[in-house]
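> I need the structure of the sequence given here:
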Amino acid sequence: MKSYDVIIIGGGPAGLTAAIYCARYKLKSLVISKNIGGTAATAYKICNFPSYNTIKGFELMQKITNQATELGIEIVYETVENIEKTKKGFSVFANKKSYECNKLIYAAGTERIRLGVAGEAKFLGRGVSYCATCDASFYKNKNVAVIGGSDAALSSALLLSEFASKVYIIYRKSKFEKAEPYWIHLIEKERKIDSIFNEEILEIKGKESVEEISLKSGKNLKIEGVFIETGSIPETQLIKSLGVKLDEKGYILADKSQRTNSKGIYAAGDVTNNPLKQIITAASDGAIAAYSAYKDMKKEEDKKC
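Residues are numbered from 1 along each chain as shown. Now for the predicted structure:
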């Protein structure tokens, strides 16, 4: 069983930044992540991260990952199955292996919300997608729909417009209430994109793949791709059993030092109750969490002397 000062769960901006700062503090750390870059890696275009006018999400996260590995940080691409408290700290289990640590930084991020409509599960990978960055190129000269009205939905629609013949944005409200003006302006300029307000999808239909969708109004749209961008929920299932407090929406309650109510556990990024879910704020959370872990470990060592 390998032992570390800090184990970081999650390889997005928060987790990787935490690892970089752990390296600065000479803490032996391990990052366990399901993938490279987390949700940020699926962003079509990032225009609000300092030092880049614009950069693709995967490219930015690859750069941060490379920076972390160059500092000697160990990254394991596995799904964490369980976390247990121990006398020395914590045991983390992933892919039938176990790892021990003194401190735990939890930066697991969020998971996409499913619509729960008929045909969604049936056509997953055959016309239904949750990642425009991953799948946009498969829809060249085709008609597609984006479900949702967030920044993520609008940026996905813009990416799809570079490939598809027509992009419909289907949103249940009367206007884009949550999206930034920047994205709304670009959507309104793009001729390939039609926004359909006060509408909801009821069913996704087809034979072998998606062929059309049925809407609440009774209308049907002939399309070949459905991109679902209806928000996310925090990945907090693993942390609940450790007594970490969550807010009413399931996000981890962390103080300004990123400490949780459970000793030795710090939280960072989109999984926390910080209302601003941005790459730069996630990175800040990660840096602060690593600093707090370092300070706490130093205090514990000083007490032993």
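
> quick one: low-confidence parts of the chain?
Within the chain, the stretches with pLDDT under 70 are 305.

> which strand in it runs the most residues?
When the chain is parsed with DSSP state E, its longest strand is strand 97-106.

> Tell me which other helices or strands the helix or strand following it touches.
Next along the chain after strand 97-106, taking DSSP states H and E as the criterion, comes strand 110-112. Judged by 3 or more C-beta pairs under 8 Å, 6 or more residues apart in numbering; DSSP states H and E, the packing partners of strand 110-112 are strand 232-234. Just so you know, the C-beta spots here come from the backbone N, C-alpha and C atoms, and that holds for glycine as well.

> Confirm for me that residue 60 is in contact with residue 51.
No - using C-beta atoms under 8 Å, residue 60 is not in contact with residue 51, being 9.9 Å away.

> Between those two, which has more neighbouring residues?
Higher neighbour count among residue 60 and residue 51: residue 60, with 20 against 6, using other C-beta atoms under 10 Å.

> Helix or strand: which one has the more buried one?
Per DSSP H and E: residue 60 is located in helix 57-70.

> Same check on residue 23?
Applying DSSP H and E as the criterion places residue 23 in helix 13-24.

> need the contact list for the closest residue to residue 41 other than its chain neighbours.
Of all residues not flanking residue 41 in the chain, residue 61 sits nearest, at 4.3 Å (C-beta to C-beta, 6 or more residues apart in numbering). Residues near residue 61 by C-beta atoms under 8 Å, 6 or more residues apart in numbering: 12-13, 16, 36-38, 40-41.

> ditto for residue 286
Here residue 286 is in contact with 13-21, 105, 107, 268-269 (C-beta under 8 Å, 6+ apart).

> Can you add distance to residue 159 and neighbour count and give those residues back as JSON lines?
Formatted as JSON lines, the contacts of residue 286 follow (distance: C-beta to C-beta, whole Å; neighbours: other C-beta atoms under 10 Å):
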{"residue": "13", "distance to residue 159": "20", "neighbour count": "32"}
{"residue": "14", "distance to residue 159": "24", "neighbour count": "35"}
{"residue": "15", "distance to residue 159": "25", "neighbour count": "33"}
{"residue": "16", "distance to residue 159": "24", "neighbour count": "31"}
{"residue": "17", "distance to residue 159": "26", "neighbour count": "28"}
{"residue": "18", "distance to residue 159": "29", "neighbour count": "36"}
{"residue": "19", "distance to residue 159": "29", "neighbour count": "32"}
{"residue": "20", "distance to residue 159": "29", "neighbour count": "20"}
{"residue": "21", "distance to residue 159": "32", "neighbour count": "23"}
{"residue": "105", "distance to residue 159": "32", "neighbour count": "31"}
{"residue": "107", "distance to residue 159": "26", "neighbour count": "33"}
{"residue": "268", "distance to residue 159": "28", "neighbour count": "34"}
{"residue": "269", "distance to residue 159": "23", "neighbour count": "36"}
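
> residue ranges of the helices in the chain, please?
All helices of the chain, identified by DSSP state H, fall at 13-24, 57-70, 132-135, 151-161, 181-189, 237-240, 279-304.

> Kindly reformat the ones you listed as TSV containing distance to residue 221.
Listed next are the helices of the chain as TSV, based on distance: least, C-beta to C-beta, whole Å:
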stretch	distance to residue 221
helix 13-24	36
helix 57-70	28
helix 132-135	18
helix 151-161	14
helix 181-189	18
helix 237-240	35
helix 279-304	33
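
> can you tell which of these is closest to residue 98?
Among these, the nearest to residue 98 by C-beta to C-beta is helix 237-240 (14.2 Å).

> Skipping its backbone neighbours, what lies nearest residue 22 in space?
Using C-beta to C-beta, 6+ apart, the nearest residue to residue 22 is residue 29, at 4.0 Å.
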